[in-house]
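**Student:** Give me coordinates for this.
(chains A and B, ligands or ions: 2)
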Amino acid sequence: MTRFNFDLQTGETGPLTKAPRPDMVNLPLSGQTPLLGVDDQVLNGTKVSTADNDFDGDMHAPLSGRIREITPHAMRIEVTGDDKAPASAPCTGKGDELRQWLRDRGVNTRNLYPAQTLIINAVPPEPGISIFEPLLRDYRKTLEIGLDLVKRIVEPSKLFQVVAKGNKANAFANCTVTHVTPVYPNGLDPLVIKTVTGREIIPGSRPDDISILSVKDLYLIGRAAETGRPLTETVMTIGDSNQLVVVGTPVGFLTAESGASVQPGDRVVIGGPLRGLAAVNLEQGVDKDASGLHILRRSESAAVTDNPCLGCGQCERHCPARIMPGMISRCAEFKQFRRAEAFHIHSCMECGLCAYWCKAQRPLLQYIRLAKYELALLADADKEPRTETDATDGES
Amino acid sequence: MLKPLTPILTVAVPPHIHCGRTLRRYVLDTLVALLPAAVMAVIAFGTDALRVMALSCATAVLAEAACNRLMKREQTVDDYSALVTGLLFAFLLPASAPWWLVAIGSAACIGLGKMIFGGLGGNPLSPPLVGWALCRISWPAFMDTNATMLMSDLPPPLQQLKYFGVDAVSSLDPVSLLMGHQLGGLGEIQIIALLAGGAYLLLRRHISWHIPAGFIGGLLATALIYRLLDPAAYAPPLFHLLAGGAIFGAFFLATDESSSPLGSLPALLFGIMAGAMVIVIRVYGIYPDGVPFAILLANLFTPLLDRIRPKPFGGPYSFFDEEDAR
Ligand code: SF4
Ligand code: SF4
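**Tutor:** Ligands and ions are numbered 1, 2, ... in the order given. Next up, the predicted model:
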């Protein structure tokens, strides 16, 4: 296998194009409760499910058609056309009212809260994902509308835009542009926050006074405000082009449109090769977070093994969180999950570099995620009153 | 209704790509790095050296296979790591070592040095050194590279230094030491070939520079201190570096992944510590060459050194109360 290039420079990209309309969409339903049932008719923009937590956006049908099947993971809609539900009036409010309005229109509002510092992350999240480039170049107006809306919620006193060196900034008004070295993983939110503020935030936690959004977030919020229509699209890099794709488009449809053939044993990765999600089958629909599509042939993808950890320290040398992924994986391997905390598992920002470099080809990130998951369960169990027979995990 | 899933995709956790290095290739790299020294050993000591190396490697592989069988574990000999351990152990032996010594030592490397701790990656001490220490203590006469090789006209530098003082070694030319004209373990004294192997490992980023640099730096600095104290009693630093197994230890023994610290600073300290101990043992110890014991001692400090960690990103952080997080 050739050495992967971690360069985050995007170079020149073509315009944003609109992906063709699929005949069927599979809306991902995780964290959502469906509102409609099988055989219901939907229009483009009909709300089909509500989010279970209070920051995820609700889900809307991206095209018109009929619901064919609902499973816990997905809602399949047979597309018959593009008849639109009436657009709603723009929201003139601000603060929480506006936040609710956005959430109701499908926008993830997790990072929308009052904060002194607002950071616009324009660094590509992964090599080979260049969606920010055409957005910053050609969709100035939409981005500014989005930024205005965001400002009405966040009310920042300082605005930063972070850009990878060598990529065009096309900066917003009144914002400080900060450059980072164009190398993965510098585009990950925790590292971007650190570049701007010098502060390290435990990945996955939310700092009170910093809100961070990507260029794509601004674009989609801006688009929702511009059109008055709910968010049912995402922007993805597919091959060399950047496309506006309706949420739920089956990955198989996208690969076929791009002219690629998928062989048995390949991986179809939604997102980038280091952090992306492997599609279960070709029918799986893309979600709102999808930012890229990669086909990885069997021969070029990582084959993991159950080799023991050698203790070579290779993983540790590449870890941006300065922790010991090898030791954490050993803890997880032997179910000593609490011990993984002593090795600072929560500092991990899931960049995937450790497993990329592991000589023993251990599935390090998988071990880390498992341990994080088990720790969350243990922490939940801890909240309940302790009993004598409390289950313990090995060493602790 | 179950739909036919064609094509069946591979589903896995990210990252979906890998640098392409494999465990086996990694171990083979070490073998390649050891090859020049092995060839030089055969040139210097003839078929005796070949006999010891072959026997040691074969015993190591068989011992690992037997241990795996006994422990009812999957066979692991195909990762070649036992082969490398066997060769490293052979490098420490005199070419005259009797067959039973080689066999017992090599089996001890694998059994006591490695498998008892769960196999590859679990060993707290460098496996070849465990076998070496066992033999050195149990059968000192057979392990003595000088006494058993009386037929050879090569000079044994460290023994001369130990028993006859600095004057005895002042005639030894560093270049001839470098070329391997000395008595010692059959492979450990092939200095120039080992340096080439070490450079290869460094270039392939197989080992990082911290341990060898620390080791050599620590050794030279400590030797220099003694030398400055009394040039009449202590040998020059360069002599210490080129005589015996210092280079071998710095590049091949101290860098054993599992028994050396992970971080950069701990690795550097580990190297310095081992290097300094070499001189201390050579000066005060009863054994002429301090390298193996120095590294074993440093191995014991590895868990302690590994506690020197940079602050984790944004942390430390725990889900649980202070007393709970252990
Ligand atoms: S995925 Fe691995 S390398 Fe990346 S932050 Fe987590 S532990 Fe470190
Ligand atoms: S890179 Fe792999 S083998 Fe090396 S220390 Fe990390 S987990 Fe262990």
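**Student:** in the stretch 1-150 of chain B, which spans are helices?
**Tutor:** B:23-45, B:47-70, B:81-92, B:99-111, B:127-138, B:140-143 (DSSP state H, counting those that start in this stretch).
**Student:** just these: most buried one?
**Tutor:** Mean neighbour count (mean count of other Cβ atoms under 10 Å in any protein chain shown) peaks for helix B:81-92 among these, with a mean of 28. Heads up, the C-betas are built off the backbone N, CA and C, glycines and all.
**Student:** residues touching the residue in the stretch 1-150 of chain B positioned nearest to ligand 2, list them.
**Tutor:** Per Cβ to the nearest ligand atom, residue B:121 is where the stretch 1-150 of chain B lies closest to ligand 2, at 6.8 Å. Counting by Cβ atoms under 8 Å, 6 or more residues apart in numbering or on different chains, residue B:121 touches A:308-311, A:360, B:257-258.
**Student:** wait, which of the helices of the stretch 1-150 of chain B is closest to ligand 1?
**Tutor:** It is, among the helices of the stretch 1-150 of chain B and with distance given as Cβ to the nearest ligand atom, helix B:23-45, at 18.7 Å.
**Student:** Report the distance from that closest one to the chain centre.
**Tutor:** Between the centre of helix B:23-45 and the centre of its chain there are 13 Å (Cα atoms, centre = their mean, to the nearest Å).
**Student:** Tell me the residue of chain B that sits nearest ligand 1?
**Tutor:** residue B:313 (7.4 Å).
**Student:** tell me the pLDDT at that residue?
**Tutor:** With respect to pLDDT, residue B:313 scores 88.
**Student:** residues near it, how many?
**Tutor:** 23 (other Cβ atoms under 10 Å in any protein chain shown).
**Student:** element containing it?
**Tutor:** Using DSSP states H and E, residue B:313 maps to neither a helix nor a strand.
**Student:** For residue A:53, which non-adjacent residue is spatially closest?
**Tutor:** Distance criterion Cβ to Cβ, 6 or more residues apart in numbering or on different chains; nearest residue to residue A:53, sequence neighbours excluded, is residue A:31 at 6.7 Å.
**Student:** List the residues that contact that neighbour.
**Tutor:** A:51-53, A:56.
**Student:** mind checking how far it is from residue A:90?
**Tutor:** Here the criterion is Cβ to Cβ, to the nearest Å. By it, residue A:31 lies 27 Å from residue A:90.
**Student:** what's near enough to touch residue A:204?
**Tutor:** Counted by Cβ under 8 Å, 6+ apart, residue A:204 has contacts residue A:346.
**Student:** lowest-confidence stretch among the helices of the stretch 1-150 of chain B?
**Tutor:** Lowest mean pLDDT within the helices of the stretch 1-150 of chain B: helix B:140-143, a mean of 84.
**Student:** That helix: what's the following helix or strand?
**Tutor:** Heading C-terminal from helix B:140-143 (DSSP H and E), you reach helix B:157-164.
**Student:** For the helix or strand following that next one, enumerate the helices and strands it packs against.
**Tutor:** Next helix or strand after helix B:157-164 toward the C-terminus (DSSP H and E): helix B:166-170. If you count contacts as 3 or more Cβ pairs under 8 Å, 6 or more residues apart in numbering or on different chains; DSSP states H and E, helix B:166-170 packs onto helix B:157-164.
**Student:** Give the buried residues for the helix it packs on.
**Tutor:** In terms of neighbour count (16 or more other Cβ atoms under 10 Å in any protein chain shown), helix B:157-164 has its buried residues at B:157-162.
**Student:** between those residues, which is nearest residue A:347?
**Tutor:** residue B:158 (47.2 Å; Cβ to Cβ).
**Student:** tell me the contacts of that closest one?
**Tutor:** Neighbouring residues of residue B:158 by Cβ under 8 Å, 6+ apart: B:184, B:243-244, B:282, B:288-289.
**Student:** For it, give its distance to ligand 2.
**Tutor:** Plainly put, residue B:158 is 35 Å away from ligand 2 if you go by Cβ to the nearest ligand atom, to the nearest Å.
**Student:** Next one: the residue nearest to residue B:185 when sequence neighbours are not counted from residue B:249, what distance?
**Tutor:** Leaving aside its sequence neighbours, residue B:185 sits nearest to residue B:92 (Cβ to Cβ, 6+ apart; 4.2 Å). Distance of residue B:92 to residue B:249, given as Cβ to Cβ: 10 Å.
**Student:** Please enumerate the shared neighbours of those two.
**Tutor:** B:188, B:292.
**Student:** Please, which helix or strand holds residue B:267?
**Tutor:** Using DSSP H and E, residue B:267 falls in helix B:264-284.
**Student:** wait, does that helix contact ligand 2?
**Tutor:** No - using Cβ under 6 Å from any ligand atom, helix B:264-284 never reaches ligand 2; the gap is at least 12.5 Å.
**Student:** Buried ones in that helix, by neighbour count?
**Tutor:** Buried, per 16+ other Cβ under 10 Å, within helix B:264-284: B:264, B:266-279, B:281-283.
**Student:** Walk me through the domains of chain A.
**Tutor:** Per the record, chain A has its domains at A:95-226, A:314-383, by automatic domain parsing.
**Student:** if we can go back for a sec, nearest to ligand 2, of the buried residues of helix B:157-164?
**Tutor:** Using Cβ to the nearest ligand atom, these come closest to ligand 2 at residue B:158, 34.8 Å.
**Student:** Test for you: state the pLDDT assigned to that closest one.
**Tutor:** pLDDT, residue B:158: 82.
**Student:** And for the one 3 residues further on?
**Tutor:** Taken from the predicted model, the pLDDT recorded for residue B:161 is 82.
**Student:** That one contacts residue B:235, correct?
**Tutor:** Yes - at 5.5 Å, residue B:161 and residue B:235 qualify as touching, with contact defined as Cβ atoms under 8 Å.
**Student:** Residues that sit against both of the two, list them.
**Tutor:** Common contact partners of residue B:161 and residue B:235 (Cβ under 8 Å, 6+ apart): residue B:169.
**Student:** Name the helix or strand for the residue in the stretch 51-200 of chain A that chain B sits nearest to, please.
**Tutor:** Per Cβ to the nearest Cβ, residue A:200 is where the stretch 51-200 of chain A lies closest to chain B, at 3.9 Å. Applying DSSP H and E as the criterion places residue A:200 outside every helix and strand.
**Student:** With that, I have no additional questions.
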